[in-house]
Structures are given as structure tokens and as C-alpha cells.
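Enquirer: my questions are about this predicted structure, shown below with the sequence.
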Amino acid sequence: MTKKQGGLPLHHISAKSDTGIFFKHTADWQREGSIDFPHRDDYYMFTLLIEGVADAAVDFRDVTLHGGEGIVIVPGQVHFSKFSGSYPLAWCLFVSPDHLTESQRQQLTRYSLNTVPMKFSEKYVDDITRLFELLRGRSDNAEFARAMVTAIVTLFCDAVMPSDSGGSDRYASIVLRLKCLMDKHLTEEKSPAAYASMLNISGVYLNEAVKAVTGTSVSDFIRGQVTVNAKRQLMHTNRNVREIAASLGYDDYSYFTRLFKKATGMTPTDFRKNLE
């Protein structure tokens, strides 16, 4: 893998389609192959697995899909497939953000905080499969294609975030605000108490919200983001461990190494070697 000082590869929907709509079936992967290296997209990816098993990594976390399950990757998420042997039976829809409503984009942003497979009922699988087949049969009709995409996206969003108000939405809103703050301040600030103060809520309530949305504590959520940022640099830059540690706010790179090993089970150097 060639490393450079830039970031991860970013794929654009414009390279796939002039309409912002593109889809694939198992036969397409068998013919063209899958993308098996970490990258980001500027579009949404909706995947329905009909039969078989598929392994992938999303934000450097392993995810396994089984038949009857689906997953959504949002723009900017780091991901790649890990197919081995034959490809499972699946459909995949790639859609530019402008084809989604603001509400749908917000739903999927909340979902991306803890991207896990969603289990579809047999009827859901049948309905989504039928929509994909209709889309494939009349993809040259732009208006019809948009209607099919709207229906597919709606079914996924219904499964991702059922209509429920109250605590879960408040928690998700807090975690999204936390994530935005971390994107700005994580290099210099890693204290849960500091982020609680920025959000004008108690540390206890912040931990409660993060636990409800992600299943982890605030401290683990923060450390997890640091680990993801470190992995990105180890994979796609030529910086040494000391330089990466400094860029993440750690003057003591040996301390950073211990934290990384505790989170991943290997040192940063070993992680990089495993990529070769």
C-alpha cells in the first residue's frame, strides 16, 4: 500500500453517475471486484445482504453482515469490504446526499455513531429486493429511478431509526454535538469533564447519553476516536509513531503507544507492519 502525507482516498459519486444514483448487484462484484482498501466516499451507501455472509470494516471496527441484514455507510466514514471466496448475494445503492431529505440525513448521522447491521424482516427483504429489481429494469428513466431510490432510502431509514421521540433523540443529539466538539478539540482536550462543560451538561448526564447511544462510556468513546485517528495516520501517512503521537496531542509517545496497545492489542508499529 502506498502511503503519502495526504488523507484517505475519497471516492466521488460523480465518477460513478451523472444523476447521483448508482447501484450494484452481486454479479457486478463478481465481474469487477470489490474495493478492499480503506477509503471514504462523498455519498451514502445502502447495502442489503440477501444470502451469505459479508465482512467489512467501518471506522476501523469489524462488522459482519448475514442474510436478511443491511447497513448504511454515510459520507466520510472510513470503510472497506473484506470478501474472501465467493461473493454473497447482495444489492448496494450509492446515493448523493441531495437525494435524501434533511430528516433522513440526520437519522443516518445518528446511526453512524454506532454503525451496526440492521435486521430486516422477510417482508422488508422482499420489498427492498423488488425495488432494486425495478430500479435495474428502468434505470434509464431518471424520474422513475429517483422514485425507487426514495422508496429504498425510506425503508432503510425506517429500519435504522424507528419513529421514537424523547430520550433517545435527546441522547443522540448530545452525542452528535460531542462528536463535533471532538473533531475540533480532540488534539488538545481529552477530558470528559471538559466536554461536559462545553455542552453545558453534567458529566453524569453526558456519560448516560453516550452509553445509551454507543454502548460505551465517554472516556472509551474519546479514546476510541483517538485510536481511529491514529490508525488513519499509520495507514495513510509516512509519519513515525512519535510524529503521530504529537499530532494527536501526546508529547510522551511511549504513553501514546501504551494507550494504543491497550485499545488494539498491538503497538502502533506492529499495526503498521500488519498492513504490509
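Expert: Here it is on my side, so go on.

Enquirer: show me the shaky parts of the stretch 51-200 of the chain.
Expert: Low-confidence regions of the stretch 51-200 of the chain, defined here as pLDDT under 70, cover residues 83-85, 161-168.

Enquirer: helices of that one, start to end?
Expert: With DSSP state H, counting those that start in this stretch applied, the stretch 51-200 of the chain shows helices at 102-112, 122-137, 142-160, 167-185, 192-198, listed in chain order.

Enquirer: who are the packing partners of the first one?
Expert: What it means is helix 102-112. Applying 3 or more C-beta pairs under 8 Å, 6 or more residues apart in numbering; DSSP states H and E, we find helix 102-112 packed against strand 69-73, helix 142-160, helix 167-185. The way it works is simple: take the backbone N, C-alpha and C, and place the C-beta from them, glycine included.

Enquirer: just name the most buried of the ones you listed.
Expert: Of the helices and strands packed on helix 102-112, the one with the most neighbours on average (mean count of other C-beta atoms under 10 Å) is strand 69-73, at a mean of 23.

Enquirer: how far does that one sit from its chain's centre?
Expert: 10 Å (C-alpha atoms, centre = their mean, to the nearest Å).

Enquirer: got the contact list for it?
Expert: For strand 69-73, the surrounding residues in contact (C-beta atoms under 8 Å, 6 or more residues apart in numbering) are 41, 44-49, 56, 58, 63, 65, 79, 108, 111-112, 115-120, 128, 156, 159-160.

Enquirer: same question for stretch 258-276.
Expert: Contact with stretch 258-276 is made by 1, 223-224, 226-227, 230-231, 234-235, 241, 244, 250, 256-257, as judged by C-beta under 8 Å, 6+ apart.

Enquirer: pLDDT score assigned to the nearest residue to residue 94 once chain neighbours are set aside?
Expert: In this structure, residue 94 finds its nearest non-sequential neighbour in residue 22, 4.3 Å apart by C-beta to C-beta, 6 or more residues apart in numbering. Predicted confidence (pLDDT) at residue 22: the value is 92.

Enquirer: you'd agree residue 22 is in a helix?
Expert: No - per DSSP: H, G, I helix; E, B strand; the rest coil, residue 22 lies outside any helix segment and is strand.

Enquirer: residue 39 and residue 12 touch, don't they?
Expert: No - taking C-beta atoms under 8 Å as the definition, residue 39 is not a contact partner of residue 12, at 11.1 Å.

Enquirer: roughly how far apart are residue 86 and residue 54?
Expert: As for residue 86, its distance to residue 54 is 11 Å (criterion: C-beta to C-beta, to the nearest Å).

Enquirer: of these two, who's got more company?
Expert: Neighbours were tallied for residue 86 and for residue 54 using other C-beta atoms under 10 Å; the higher tally belongs to residue 54 (22 against 9).

Enquirer: who's that one bridged to?
Expert: residue 65 (DSSP bridges).

Enquirer: that one against residue 88, yeah?
Expert: Yes - between residue 54 and residue 88 a contact is recorded at 5.0 Å, counting by C-beta under 8 Å.

Enquirer: ok so, going back, and the buried ones among the contacts of strand 69-73, selectable in ChimeraX?
Expert: Written as a ChimeraX command, the selection of buried residues from these, which uses 16 or more other C-beta atoms under 10 Å, is:
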select :41,44,45,46,47,48,49,56,58,63,65,79,108,111,112,115,117,118,120,128,156,159,160
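
Enquirer: tell me the centre residue of this structure?
Expert: residue 77 (4.1 Å; C-alpha atoms, centre = their mean).

Enquirer: tell me the contacts of it?
Expert: Residues counted as contacts of residue 77 (C-beta under 8 Å, 6+ apart) are 40, 41, 58, 59, 112, 115.

Enquirer: equivalent analysis for residue 53, please.
Expert: Residue 53 touches 64, 65, 66, 67, 88, counting by C-beta under 8 Å, 6+ apart.

Enquirer: rerun at 6 Å
Expert: Applying C-beta atoms under 6 Å, 6 or more residues apart in numbering to residue 53 gives the contacts residue 66.
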